[in-house]
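[1] sequence plus predicted model, see below.
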Amino acid sequence: MTHFRIAGTGSCLPEKIITNNDLSEFLDTSDEWIKTRTGIERRHVLSDGESLLSIGKEACLRALKMADCDPAEVDMLICCTLMGDFISPSLSCMLSGALGLRQDCFTIDQNMGCCGFICGLRTADAFFMSGSVKKVLVVSSEAMSRLVDWTDRSNCVLFGDAAGAVLLEAADNAVDFDFNLAESHEHLHVKRAGDNCPYNSYNYGNEQIIHMNGQEVYKFAVIAIVDRIKSLLNKNNLSPDEIDTYLLHQANLRIINSSIQKFGQNPSKFPHTIEETGNTSSSTCAYLLDIQNRAGRFRRGDKVVLCAFGAGLASIAAYIEW
Ligand code: UT7
C-alpha cells in the first residue's frame with residue numbers, strides 16, 4: 001500500500017517574544033508559577049506586519065527547500081488552523097497563491113484544534129493511498145494570541161503562535177493512525193462571534209475567546225495519550241521500546257512527563273519545545289518535528305510516533321516509519 005515519507009520540514013515563529021516576566025507586568029502571575037505548572041518560559045506572538053499567511057508561507061518554503069521540491073510539483077495543500085486570517089477565502093487558498101502552487105493544486109483547510117496537524121497527515125495519507133497525489137504539503141499555522149483572553153491569567157499564559165510544515169512524498173513506508181472523538185465541548189471551546197441576523201437570537205457578543213477547564217482537559221489528556229498510543233502500537237505489533245521518538249502535543253510539560261512515566265521510556269525519546277513556544281495548538285507537533293529533523297535526529301527506518309489531543313474532545317496518534 002502506498003503511504004508517504006516526510007521529504008522536507010519547515011517552521012516559522014513570529015519575531016516578537018513574550019517572556020513570563022513580561023506577562024507578570026500586567027497579570028497577577030509569575031515566572032515561577034508558569035514554569036512550575038506548565039514548563040513554559042516564553043512564547044512568540046504575531047505583531048504588526050505578520051500574519052498566519054506570512055508565517056505559514058515561510059514554514060512551507062523551508063519545507064519545500066529541504067525537500068528540493070518546486071512548488072509546481074505539489075498536488076495538494078492541507079492547511080491546519082483554528083481560524084485563518086480571513087473567514088473566506090480559506091488560509092489554504094491564500095497560501096496556495098502566495099506559494100505559487102499550480103492552479104489545479106487541490107486545497108483544504110482542516111480545523112481539528114490541537115489535533116489538526118496529525119489529522120492533516122491522516123487526510124493526506126488517504127489521498128496517497130488512493131493513488132491520486134504524489135506530493136502533498138501539510139502546514140499548521142496558528143495564532144492563539146487572537147483567541148485568548150489577555151485579561152485571564154489562567155488562559156493567556158499558556159498559548160503562543162507558530163507555523164510548521166511538511167512536504168510529503170508518495171512512498172511505501174509504514175504509516176498508520178489511531179483517532180478517537182469523545183464528542184464534548186463543555187471543557188474546551190471557542191465560540192464564534194455573534195451575528196445580526198433578524199431571524200434568530202444567536203448572539204454570543206464579544207466572546208470569541210478560548211474557554212478551557214484546565215483540570216478537566218488535563219485529566220482527559222493523560223488518559224487519551226496512553227489510549228491512542230497503546231492502541232496504535234498494538235495494531236502495528238510494536239512495543240513502546242521499539243519506538244525511537246515520541247512527539248507529543250506541547251500543552252504542559254507535566255503531561256509529557258506523565259506519559260514518559262506511563263510508557264516507562266527514557267525521557268530523551270520525548271523531546272519538547274514547550275519552553276520556547278507554549279501551546280501553539282496544531283502547530284506544536286509540526287514545529288517540534290521540524291526542530292528535531294533539523295537537529296539531525298531522524299534516520300531512515302526510525303520509528304516515530306506523534307500524538308495530540310484537544311478540542312472535540314479529540315485525540316489522535318500517528319506511527320510513521322522515517
Ligand atoms: O491544547 C489544549 C489542551 N489544553 C491542555 O492540555 C491544558 C491542560 N491543563 C493544564 O495544563 C493545567 O490544568 C493548567 C496549566 C491550565 C492549570 O494548572 P493547574 O495545576 O491545574 O492549576 P489550577 O487551575 O488548579 O490553579 C491552581 C491555582 C489557582 O489558585 P487557587 O484557587 O489555588 O488559589 C489559580 O487561580 O493557580 C491559580 N492560577 C494562577 N496563578 C498564577 C491560575 N493561573 C495562574 C497564573 N499565575 N497564570
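    Great, that's in hand.
[2] check contacts around the closest residue to residue 282 other than its chain neighbours.
    By the measure of C-beta to C-beta, 6 or more residues apart in numbering, the closest residue to residue 282 outside its immediate chain neighbours is residue 116, 3.0 Å from it. For glycine as for every other residue, the C-beta is placed from the backbone atoms N, C-alpha and C. Residue 116 is in contact with 80, 81, 82, 110, 140, 281, 282, 308, counting by C-beta atoms under 8 Å, 6 or more residues apart in numbering.
[3] to which secondary structure element is residue 116 assigned?
    Using DSSP states H and E, residue 116 sits in helix 116-130.
[4] give me the neighbour count for the residue of the chain found nearest the ligand.
    Nearest residue of the chain to the ligand, counting by C-beta to the nearest ligand atom: residue 214, 2.7 Å away. Look at residue 214: counted by other C-beta atoms under 10 Å, it has 16 neighbours.
[5] which bits of the stretch 201-322 of the chain sit near the ligand?
    Proximity of the stretch 201-322 of the chain to the ligand (C-beta under 6 Å from any ligand atom) is limited to residues 214, 215, 217, 218, 221, 251, 252, 279, 310.
[6] now the fourth one: which helix or strand?
    In this case it means residue 218. helix 214-235.
[7] output that helix in PDB with nothing but the alpha carbons.
    Only the C-alpha atoms of helix 214-235 are listed here, as PDB (Å, rounded to 0.1, in the frame of the first residue of the first chain):
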ATOM      1  CA  GLY A 214      -7.700  23.200  32.600                       C
ATOM      2  CA  GLN A 215      -8.000  20.500  35.200                       C
ATOM      3  CA  GLU A 216     -10.700  18.500  33.200                       C
ATOM      4  CA  VAL A 217      -8.600  18.800  30.000                       C
ATOM      5  CA  TYR A 218      -5.500  17.700  31.800                       C
ATOM      6  CA  LYS A 219      -7.300  14.600  33.100                       C
ATOM      7  CA  PHE A 220      -8.600  13.800  29.600                       C
ATOM      8  CA  ALA A 221      -5.100  14.400  28.000                       C
ATOM      9  CA  VAL A 222      -3.100  12.000  30.200                       C
ATOM     10  CA  ILE A 223      -5.600   9.200  29.500                       C
ATOM     11  CA  ALA A 224      -6.000  10.000  25.800                       C
ATOM     12  CA  ILE A 225      -2.300   9.900  25.100                       C
ATOM     13  CA  VAL A 226      -1.900   6.500  26.700                       C
ATOM     14  CA  ASP A 227      -5.000   5.100  25.000                       C
ATOM     15  CA  ARG A 228      -4.100   6.400  21.500                       C
ATOM     16  CA  ILE A 229      -0.500   5.300  21.600                       C
ATOM     17  CA  LYS A 230      -1.200   1.800  23.100                       C
ATOM     18  CA  SER A 231      -4.000   1.200  20.500                       C
ATOM     19  CA  LEU A 232      -1.700   2.300  17.700                       C
ATOM     20  CA  LEU A 233       1.200   0.200  18.800                       C
ATOM     21  CA  ASN A 234      -1.000  -2.900  19.300                       C
ATOM     22  CA  LYS A 235      -2.400  -2.600  15.800                       C
END
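[8] and residue 4, what are its bridge partners?
    residue 170 (DSSP bridges).
[9] so it makes contact with residue 172?
    No - counting by C-beta atoms under 8 Å, residue 4 stays clear of residue 172, with 9.5 Å between them.
[10] who's more crowded, these two?
    residue 4 (26 against 11).
[11] is it fair to say residue 287 lies in a helix?
    Yes - judged by DSSP: H, G, I helix; E, B strand; the rest coil, residue 287 forms part of a helix.
[12] which strand or helix spans the closest residue in space to it that isn't next to it in sequence?
    Closest residue in space to residue 287, ignoring its immediate chain neighbours: residue 164 at 4.1 Å, by C-beta to C-beta, 6+ apart. Using DSSP H and E, residue 164 sits in strand 161-171.
[13] quick one, the very next helix or strand once past that strand and helix 116-130 angle?
    Stepping forward along the backbone from strand 161-171, the first helix or strand reached (DSSP H and E) is strand 175-184. Calculated by axes from the mean of the first three to the mean of the last three C-alpha atoms, to 10 degrees, strand 175-184 forms an angle of 130 degrees with helix 116-130.
[14] next, the buried residues of strand 175-184.
    For strand 175-184, burial by neighbour count (16 or more other C-beta atoms under 10 Å) applies to 175, 176, 177, 178, 179, 180.
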